[in-house]
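> return atomic coordinates for the entry below.
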Amino acid sequence: LCLTTFSNIFSGGAFPAVVPDMARSAALADWQLGIVAGAFGFSRMVADVPLGLFLTHNLRRALWLGPLVLAIGALCLTSGGGFPVLVLGRLLMGLGQALSMMGGLTAILRFQSGRSLASALNAYELSAMIGMLGGVIAIAALPSSLPWNTALLLTCAPQLIGIVVIPKLVAALPAQEGASAQPLFARQAASSATANPSSHPPKRVEHLSLVPLAFAAGGLIALAYSTMEQFLVPLRASREFGLERTGVARLLMVQQLFDIVALLPIGILADRRGAARVLPVVLLTMATANALVGFGALPVVVVGCALFGLSMAGWMLPLSVLRRETPPEHVAWRTGLYRVCVDGGIFLGPFLSGALGMHFAGFLPALWTAALAFTGVLLLARARSSGTMAVHG
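Below you'll find the predicted structure:
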C-alpha cells in the first residue's frame, strides 16, 4: 500500500510548481486556473460516496482501477490541450487517486484497527508525503527550459511502479468472507470478522460529540491545505516575490520536509495519548501557519510553510477519532462520507481562491484561520467533557 501511494502521488507534488507556467502558456484567467486546480478535488468529492459503497465488497477492483485511471488522466493533462482538456485531465487524475486512496484507507481501517491505528495511518501518509517531496524535487531538477507539460509528464513516470506492484498488493489482502456473489454497491459488509481482532468496540457515548467535529476538522484541514498549496503559495511566490518554478518548488519542499519529519512521531504520540488529545493542537498550529502564509513577507511565508508541514502531519488524526466509533462492517461507507468533506475541501480551496482572484486573496486565509482555531478549541472542550482525553493514557 505504501509503495503504491508513494508512486501515485508524484504528480500531486509536482503540479503546484507548474501552475504559474501553465497559466501563462494556456492564457488562463484566475477563475479558469481555480477550476483546473479544483477539478482534482471535485472529482474525488463526487466519487467518494459511490466509492464508499463500491469498496464494501470490491476493494481489489478499486486497487486495480486506481493507478490505471490516474495514468490516463496524467496523459490527458499533459497532452497540450486547452482549458477543457486540462479540466478533464485533472478530473480523471482525481478519480484515479480517489480509487487508490480510498482503497488503501479502507484496507488499513478494516484490517489494522488496533492500538497502532494512528501509527499505521501516519506511515501510509508518510509514504504519500515522500512521494510528494519526490515530485517536487523532480520538477525542480528538470531544466526550466522544458515546457511545463513535458516536465510534468516526466515527473509522472513513477506511476508505472504503482501499476506493476498491484498484483502483489491484491494477493497480500486477506481473503474476503461470505458468498462469492456480492452486490456491487453496499453500505454494510456481510460480516465484521475481517476486521483486526485487536480492534476496540466503538464508543457510542462519544458518537454525538466527536464524529461531527472529526468531519469538520478533516474538511477544514483540506480547505486550508489546498488553498495554500495549489493557489496561494504558487501565485504569491511568482507574482509578489518574483520566484521562478524552482523557487516555488523550494517553498513547497519546506512544508513537505517538516511534514515528513513529524509524521511518525505524531502518529506514535496519538497512539499513546489519544488522537482526540493531539488533534486540537494540530488545528491550532495550522491556524497559525495559515495566517503566516496568507499575510507574511517571504521570510514569514517560509516559517508558515514549516508550520504547515508540522500541522499536516496530523492529516490522518480525524480518521483515528472516527474509527473508534465505527463498526468494522461500516468502515468503507463511513470513510466515504468522511472523504466527501476532505475532498470537498480540496476542491473548494483553489476553486474559491480562483473565483475571488488575487485581489481578495487575503479573505480565505483569514476565514480558514478563524475556523481552524474555533474548531480546535471546540474539539478540545468536547473531548474533555466526553472523557476521551484519557482513552490511551
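> may I see the buried residues of the helix or strand hosting Leu70?
According to DSSP states H and E, Leu70 maps onto helix 59-77. The neighbour-count check on helix 59-77 (16 or more other CB atoms under 10 Å) flags 59-60, 62-67, 69-71, 73-74, 76-77 as buried. Every residue, glycine included, has its C-beta placed from N, CA and C.
> just checking, what packs against whatever helix or strand comes next after it?
On the C-terminal side of helix 59-77, the closest following helix or strand by DSSP H and E is helix 83-111. Secondary-structure packing of helix 83-111 (3 or more CB pairs under 8 Å, 6 or more residues apart in numbering; DSSP states H and E): helix 2-8, helix 10-25, helix 30-55, helix 59-77, helix 117-141, helix 317-323, helix 331-356.
> let me see the mean pLDDT of helix 83-111.
Helix 83-111 carries an average pLDDT of 89.
> list the contacts of Ser11.
70, 74, 93, 135, 152, 155-156, 159 (CB atoms under 8 Å, 6 or more residues apart in numbering).
> check it and give its pLDDT.
88.
> now do the same contact list for Val278.
Contacts of Val278 by CB under 8 Å, 6+ apart are 266, 269-270, 314, 317.
> let's verify it: helix, strand, or coil?
Put simply, Val278 is helix when judged by DSSP: H, G, I helix; E, B strand; the rest coil.
> centre of the chain to stretch 64-84, how far?
19 Å (CA atoms, centre = their mean, to the nearest Å).
> circling back: please check the contacts of Val278 and keep the buried ones.
Buried among the contacts of Val278 by 16+ other CB under 10 Å: 266, 269-270, 314, 317.
> okay if I get those residues as TSV plus distance to Leu337 and pLDDT?
Formatted as TSV, the buried ones among the contacts of Val278 follow (distance: CB to CB, whole Å; pLDDT from 0 to 100):
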residue	distance to Leu337	pLDDT
Ile266	24	91
Leu269	27	90
Ala270	22	87
Gly314	20	89
Leu317	17	90
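> mark which of those residues are part of helices, please.
266, 269-270, 317 (DSSP state H).
> could those go into JSON lines alongside distance to Phe215?
Converted to JSON lines, those look like this (distance: CB to CB, whole Å):
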{"residue": "Ile266", "distance to Phe215": "20"}
{"residue": "Leu269", "distance to Phe215": "22"}
{"residue": "Ala270", "distance to Phe215": "18"}
{"residue": "Leu317", "distance to Phe215": "13"}
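> out of the buried ones among the contacts of Val278, who's nearest Ser119?
Ala270 (7.9 Å; CB to CB).
> gap between that closest one and Arg44?
25 Å (CB to CB, to the nearest Å).
> give me the contacts around the helix or strand harbouring Pro299.
Pro299 is part of helix 298-312 when elements are defined by DSSP H and E. The contact list for helix 298-312 (CB under 8 Å, 6+ apart) reads 129, 221, 225, 228, 233, 236-237, 241, 251-252, 254-262, 282-283, 285-286, 288-294, 296.
> give me the buried entries from the residues you listed.
With burial judged by 16+ other CB under 10 Å, the buried subset of the contacts of helix 298-312 is 129, 221, 225, 228, 233, 236-237, 251-252, 254-260, 262, 282-283, 285-286, 288-294.
> now, which of the residues you listed lie within helices?
Counting by DSSP H, these contribute 129, 221, 225, 233, 251-252, 254-260, 262, 282-283, 285-286, 288-294 to helices.
> before we move on, the earlier item: which one of the contacts of Val278 is nearest Leu105?
Leu317 (13.4 Å).
> pLDDT of the helix or strand hosting Leu169, averaged?
Per DSSP H and E: Leu169 is located in helix 159-172. In this model, helix 159-172 has a mean pLDDT of 89.
> so for it, what gets flagged as buried?
Under 16+ other CB under 10 Å, the buried positions of helix 159-172 are 159, 161-163, 165-166, 169.
> cool, and stretch 264-283?
266-267, 269-271, 273-283.
> export the buried ones among the contacts of Val278 as a markdown table, with columns for distance to Phe6.
Output for the buried ones among the contacts of Val278, formatted as a markdown table (distance: CB to CB, whole Å):
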| residue | distance to Phe6 |
| --- | --- |
| Ile266 | 19 |
| Leu269 | 23 |
| Ala270 | 22 |
| Gly314 | 20 |
| Leu317 | 21 |
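> who touches stretch 342-361?
Counting contacts by CB under 8 Å, 6+ apart, the residues touching stretch 342-361 from outside are 30-35, 37-42, 44-45, 48, 94, 98, 218-228, 230-232, 235-236, 239, 294, 363-364.
> which regions of the stretch 201-350 of the chain sit below the pLDDT cut-off?
201-209, 328-329, 332 (pLDDT under 70).
> quick one: buried ones out of the contacts of stretch 342-361?
30, 32-35, 37-42, 44-45, 48, 94, 98, 218-228, 230-232, 235-236, 294, 364.
> thinking again about what came up before, of the buried residues of helix 159-172, closest to Val340?
Gly162 (24.2 Å).
> surely Gly80 touches Asn149?
Yes. Contact criterion CB atoms under 8 Å: Gly80 and Asn149 qualify, at 5.7 Å.
> any idea how far the closest residue to Leu284 other than its chain neighbours is from Trp315?
Using CB to CB, 6 or more residues apart in numbering and skipping residues adjacent in sequence, the residue nearest Leu284 is Gly376, 4.5 Å away. Per CB to CB, Gly376 is found 15 Å from Trp315.
> for the stretch 1-150 of the chain, give me the ranges with low pLDDT.
113-115.
> go ahead and measure how far stretch 149-157 is from the middle of the chain.
For stretch 149-157, the distance to the chain centre is 21 Å (CA atoms, centre = their mean).
> pull the CA atoms of it into PDB?
C-alpha atoms of stretch 149-157 as PDB (Å, rounded to 0.1, in the frame of the first residue of the first chain):
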ATOM      1  CA  ASN A 149       3.600  19.700 -19.600                       C
ATOM      2  CA  THR A 150       6.800  17.800 -20.700                       C
ATOM      3  CA  ALA A 151       8.300  18.400 -17.200                       C
ATOM      4  CA  LEU A 152       5.100  17.200 -15.500                       C
ATOM      5  CA  LEU A 153       4.800  14.100 -17.700                       C
ATOM      6  CA  LEU A 154       8.400  13.100 -16.900                       C
ATOM      7  CA  THR A 155       7.600  13.600 -13.200                       C
ATOM      8  CA  CYS A 156       4.600  11.300 -13.500                       C
ATOM      9  CA  ALA A 157       6.800   8.400 -14.700                       C
END
